[in-house]
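In: Sequence and computational prediction follow.
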2 protein chains.
Amino acid sequence: MSLSIVGSVAFDTLYTREGDREKILGGSAVYSAIAASKFTNSSIIGVVGDDFHEEKINLLRTKNIDLKDLQIKKGKTFHWIGSYKDNINVAQTIDTEIGVLGTFEPSLNKTNASSTILFLANNDPDSHLQAISQSKNKHVAMDTMNLWINIKKEQVEKVMKLSSIVFINDTELKMLTGEYNLIKAAKALMKKANNIEYLILKKGEYGAALFGKQEHEYFTIGAYPLETVKDPTGAGDSFAGSFLGFMADKEMNWSNLKEALLVGTVTASFTVEEFGPDSLINATLEEINNRKQKLIKFLSL
Amino acid sequence: MSLSIVGSVAFDTLYTREGDREKILGGSAVYSAIAASKFTNSSIIGVVGDDFHEEKINLLRTKNIDLKDLQIKKGKTFHWIGSYKDNINVAQTIDTEIGVLGTFEPSLNKTNASSTILFLANNDPDSHLQAISQSKNKHVAMDTMNLWINIKKEQVEKVMKLSSIVFINDTELKMLTGEYNLIKAAKALMKKANNIEYLILKKGEYGAALFGKQEHEYFTIGAYPLETVKDPTGAGDSFAGSFLGFMADKEMNWSNLKEALLVGTVTASFTVEEFGPDSLINATLEEINNRKQKLIKFLSL
């Protein structure tokens, strides 16, 4: 019972109204794996350059994250430079230094190719397709971002057609389907990629929704109410990572999936309270469960 | 046990991607009163010109809406011309013909001045202040819109400081407080206008939230999932009208208020399915309750 994650391992440089950070630990695989590690064994399939600090690798190891498929290549680690100065809810990419991620080809060892869930965290969809070609996993889940829909829409759609669980945010869903209405858009996407069993719609501070194949399979919750959001980087990755980490050891049924939506929401709430993954790393399972109980109260009819 | 509503009675001309409509029945008081009339006795305090058709007045009367304080003045009825062609979720005002609404001074008869709830539906805040000066009602509730916050912010804030229940949407809340974070913004507003007992945040297709004075008094729900939204005009008014109509006959406690949030959400879902107030007018209490039960299933943990 475990979760294997293909995605980016990165340095992030961030500019926000609450302050700036230079070259801190980031990347979709990093955030998802840390979040997942609260609930299951997780592993990262990715690449870093030889500038990636040993201490950061050790930090991930101490969280019981398996790094056997993390390649260390001569060159620079992927570096994302972004700003939230205009709007805390919308990341604006200032620059990216692609480095060794530009030629990344995921290679899955036997354990990763047969774990319960393979999660294709936000990354070049070509790398997702390479991972899928090696996959014997029970479930394939994916996430994406506006960048890939803009420049590699066809490949994103291919990955989607090979995934049974899809994470997507409201803007991306509208972009992909051309629909303004989120309910219509979600249904249109699930019709187009009809292998999708479950679509998870991320709505940021407005919460999240879960769509199944049946008409009655719809569930929506508000976000955990936070007054302090310092850095939303990694919120979506932590959401998906903890959702899937929680599901890795459970039966894939509606009741468990609804609980996973709560787990994803509260776990992501820790991520955004501080810069980088620090607050997520420090959040204990007890703290996560406490917030989950509080959120349940806020949502109870 | 009844609800008195001060607000606009209007002609609306609408342009949408689904079609156009010319001079159909509209106005904040009209939508709220029709919605409220499903649950309680409601009355309109407003003004129309002598161009307002007798049949429209009769239509409201057949819905048991009291019109004793609806003034009929020589001149033109307020006319709003708006478009949703760019974005179905955002009304763009093309033109307004203010007509007799420009010199409107609400006058409340004894019944309206002493009904359970006085609702100040979206209108010039000066008319709200005039109504409040005559009010002996048990509760005063208010709504507003971006226009008044832009041109009469001080008066809007005065009305807010005299209301115990405030309806506001996400954009307006951010405008009024200068806060990006909705939770922080809601709390800041309730601190500034500390007579507010309950703040109801309208988030359109993302649902609604209810804030009370206590830390644990927070409740949020998703919208009723609709695939067809033809005309969002009056959604917020119907939401508030049905919420308050439902509360007019009930004790103002947390449990009833949470149910009112559901009632407002599902009642507004009928409004947006067709142009103008027709689908709201035709919705029976049974249909509203059926959607309420369906929504409860979609929100149940």
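Out: Thanks, I have it.
In: Where does the prediction get shaky in the stretch 201-301 of chain A?
Out: Low-confidence segments of the stretch 201-301 of chain A (pLDDT under 70): none present.
In: Show me what from the stretch 201-301 of chain A comes close to chain B.
Out: Listed as neighbours of chain B in the stretch 201-301 of chain A under the rule CB under 8 Å from any CB of the partner chain: A:203, A:205-207, A:209, A:216, A:218-222, A:225-229, A:258-259, A:262, A:296-301. No exception for glycine: its C-beta is placed from N, CA and C like everyone else's.
In: ChimeraX command to pick out the buried ones of those?
Out: This is how ChimeraX selects the buried members of these, with burial counted by 16 or more other CB atoms under 10 Å in any protein chain shown:
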select /A:203,205,206,207,209,218,219,220,221,222,225,226,229,258,259,262,298,299
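In: The stretch 51-200 of chain A against chain B: which residues are in contact?
Out: So the stretch 51-200 of chain A meets chain B at A:87-89, A:180-184, A:187 (CB under 8 Å from any CB).
In: Just those residues: which are in helices?
Out: Among those, the members found in helices (DSSP state H) are A:182-184, A:187.
In: Which of these ranks first by neighbour count?
Out: In terms of neighbours by other CB atoms under 10 Å in any protein chain shown, these top out with residue A:182 at 23 neighbours.
In: Touching, that residue and residue A:170? I think so.
Out: Yes: here residue A:182 reaches residue A:170: they are 6.0 Å apart, a contact under CB atoms under 8 Å.
In: Which residues are in contact with each of the two?
Out: Shared contacts of residue A:182 and residue A:170 (CB atoms under 8 Å, 6 or more residues apart in numbering or on different chains): residue A:201.
In: ok, which pair from the ones in helices among the residues of the stretch 51-200 of chain A next to chain B is furthest apart?
Out: Farthest apart among these by CB to CB are A:182 and A:187. That separation is 9.7 Å.
In: joint contacts of these two?
Out: By CB under 8 Å, 6+ apart, residue A:182 and residue A:187 have no common neighbours.
In: Which elements pack onto the helix or strand hosting residue A:201?
Out: Per DSSP states H and E, residue A:201 falls inside strand A:198-202. Strand A:198-202 is packed against strand A:165-169, helix A:170-177, helix A:182-192, strand A:208-211, helix A:235-248, helix A:254-271, with contacts defined by 3 or more CB pairs under 8 Å, 6 or more residues apart in numbering or on different chains; DSSP states H and E.
In: Between strand A:165-169 and that strand, find me the angle.
Out: 20 degrees (axes from the mean of the first three to the mean of the last three CA atoms, to 10 degrees).
In: what angle do strand A:198-202 and helix A:235-248 make?
Out: 150 degrees.
In: ok, residues contacting strand A:198-202?
Out: A:164-170, A:173, A:182, A:186, A:189-190, A:208-212, A:236, A:239-240, A:243, A:257, A:261, A:264.
In: In chain A, mark out all the helices, start to finish.
Out: With DSSP H as the criterion, chain A has helices at A:28-36, A:54-62, A:110-113, A:125-134, A:146-151, A:153-161, A:170-177, A:182-192, A:235-248, A:254-271, A:278-282, A:285-299.
In: quick one, which of these is packed in tightest?
Out: Mean neighbour count (mean count of other CB atoms under 10 Å in any protein chain shown) peaks for helix A:28-36 among those, with a mean of 32.
In: List every C-alpha atom in it, with coordinates, as PDB.
Out: Output in PDB follows, covering the C-alpha atoms of helix A:28-36 (Å, rounded to 0.1, in the frame of the first residue of the first chain):
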ATOM      1  CA  SER A  28       5.100  19.400  -7.100                       C
ATOM      2  CA  ALA A  29       6.600  16.000  -6.200                       C
ATOM      3  CA  VAL A  30       8.100  17.400  -3.000                       C
ATOM      4  CA  TYR A  31       4.900  19.000  -1.700                       C
ATOM      5  CA  SER A  32       2.800  16.000  -2.600                       C
ATOM      6  CA  ALA A  33       5.200  13.500  -1.100                       C
ATOM      7  CA  ILE A  34       5.500  15.300   2.200                       C
ATOM      8  CA  ALA A  35       1.800  15.600   2.400                       C
ATOM      9  CA  ALA A  36       1.300  12.000   1.500                       C
END
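In: Which other helices and strands does it contact?
Out: Using 3+ CB pairs under 8 Å, 6+ apart: helix A:28-36 touches strand A:2-6, strand A:41-49, helix A:54-62, helix A:235-248, helix A:254-271, helix A:278-282.
In: I'd like those written out as CSV, with distance to residue A:108 added.
Out: As requested, the helices and strands packed on helix A:28-36 are arranged in CSV below (distance: least, CB to CB, whole Å):
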stretch, distance to residue A:108
strand A:2-6, 7
strand A:41-49, 6
helix A:54-62, 18
helix A:235-248, 16
helix A:254-271, 24
helix A:278-282, 25
